[in-house]
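Peer 1: one predicted model, sequence on top.
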Amino acid sequence: MDTLSTIFLIGALFIIMTGMGLSLTLNDFKRVLKFPLAFFTGFVNQIVFLPLIAYLLIQFLNVNATVAIGIMILAACPGGATSNLLTHLAKGDTALSVSLTAVNSLITIITIPLIVNFGLSEFMSESTRINAPVGNIMTSLVIIIAIPLILGMLIKKFAPNFALKMDKPVRIASALVLFLVIVGILVKERDQIVEYFENALVITLGLNITTMLIGFLSAKIMRLNFKQALSICLESGNQNGTLAINIAVVSLARPDFAMAAAVYSLIMYPTAILPILIGNKQAKKEKEIKMA
């Protein structure tokens, strides 16, 4: 990947994460102490269950090494701003979703290099194996996650009106940037695009649906309310595809590893329609009960 494309990708993700920071306050981090069970359930789903489910699906579906590593990179990433938006549309517990995204984004600075290194060592053959630059990945994650998040939060604290005005434009720009990044990856890998889609479609769809189901069911097992369960469902099944693409393209210099995240980013919106419809139906029912 050329230098200009790399700079664009890093800059794009920096803007996206700054935009996420514009919607955060310290209360979003403190909230985990007020609702520890809900946060713990979401945390375990994303940090533990997600990579485990990804690994089991890889073994079960027997995908090639390129897709397998791409899936592990994707599963290592936290939820993005998209999961917060989808939770809001589904009338779930948006505050819980934002808290999970915020805290998990910082925690994955440590866990992503470990999971990526595991994926490379597990699925690449001896002749083609590369070692994950753990230190470089961790440094880049601080630059494209921690710093822009803090910057966005500082803007919100000291210039709240500006942060409010920029929230919607940044969300739109983030969606546009993700679209452009995916198009760029597809163009870059156009010679193998059909093969990649055939290999990655089933497992990305399986990962998305399975993690959403387990997220919802585990929340109900823990006796969380419906809105919290819906939030954990969407947070578990909607990962930060842009971050996964950045790790593959920039940190590992392997655009082919980014194809799984590109395919995933295309399917996670249609599959979210059902939880959104269910959430709105439940909210309507609760409103009618209150008014009766």
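Peer 2: Received, thanks.
Peer 1: strands along the chain, start to end?
Peer 2: With DSSP state E applied, the chain shows no strands anywhere along its length.
Peer 1: okay, the most centrally placed residue in the chain: pLDDT?
Peer 2: A centroid search over the chain (Cα atoms, centre = their mean) returns residue 239, at 2.0 Å, as the residue closest to the centre. On pLDDT, residue 239 comes in at 89.
Peer 1: kindly report the same for residue 175.
Peer 2: Residue 175 carries a pLDDT score of 69 in this model.
Peer 1: what do you get for the one 5 residues further on?
Peer 2: Per-residue pLDDT puts residue 180 at 73.
Peer 1: separation between it and residue 268?
Peer 2: Distance of residue 180 to residue 268, computed by Cβ to Cβ, to the nearest Å: 17 Å. All C-beta atoms are positioned from the backbone trio N, CA, C, and that covers glycine.
Peer 1: neighbour-wise, which of these two wins?
Peer 2: Remark: of residue 180 and residue 268, residue 268 carries more neighbours, 24 against 13, as counted by other Cβ atoms under 10 Å.
Peer 1: who's in contact with that one?
Peer 2: Contacts for residue 268 were tallied using Cβ atoms under 8 Å, 6 or more residues apart in numbering; they are 82, 208, 237-239, 241.
Peer 1: kindly report the same for residue 226.
Peer 2: Here residue 226 is in contact with residue 282 (Cβ under 8 Å, 6+ apart).
Peer 1: got it, and residue 26?
Peer 2: Contacts here follow Cβ under 8 Å, 6+ apart; on that basis residue 26 touches residue 153.
Peer 1: burial measure for residue 284, as a count.
Peer 2: As a measure of burial, residue 284 has 11 neighbours, counting by other Cβ under 10 Å.
Peer 1: ok, back up a step: out of the contacts of residue 268, which one sits closest to residue 117?
Peer 2: Among the contacts of residue 268, residue 239 lies closest to residue 117 (Cβ to Cβ), at 18.5 Å.
Peer 1: how much space between that closest one and residue 207?
Peer 2: Separation of residue 239 from residue 207 (Cβ to Cβ): 9 Å.
Peer 1: find the residues that touch each one of the two.
Peer 2: Common contact partners of residue 239 and residue 207 (Cβ under 8 Å, 6+ apart): 74-75, 264.
Peer 1: just to revisit the earlier point, could you find the closest non-adjacent residue to the residue nearest to the centre of the chain?
Peer 2: Leaving aside its chain neighbours, residue 239 sits nearest to residue 77 (4.8 Å; criterion: Cβ to Cβ, 6 or more residues apart in numbering).
Peer 1: and if you look at residue 61?
Peer 2: Residue 61's closest residue in space is residue 203 (Cβ to Cβ, 6+ apart), at 5.2 Å.
Peer 1: what about that neighbour, distance to residue 60?
Peer 2: Noted for residue 203: a distance of 9 Å to residue 60, by Cβ to Cβ.
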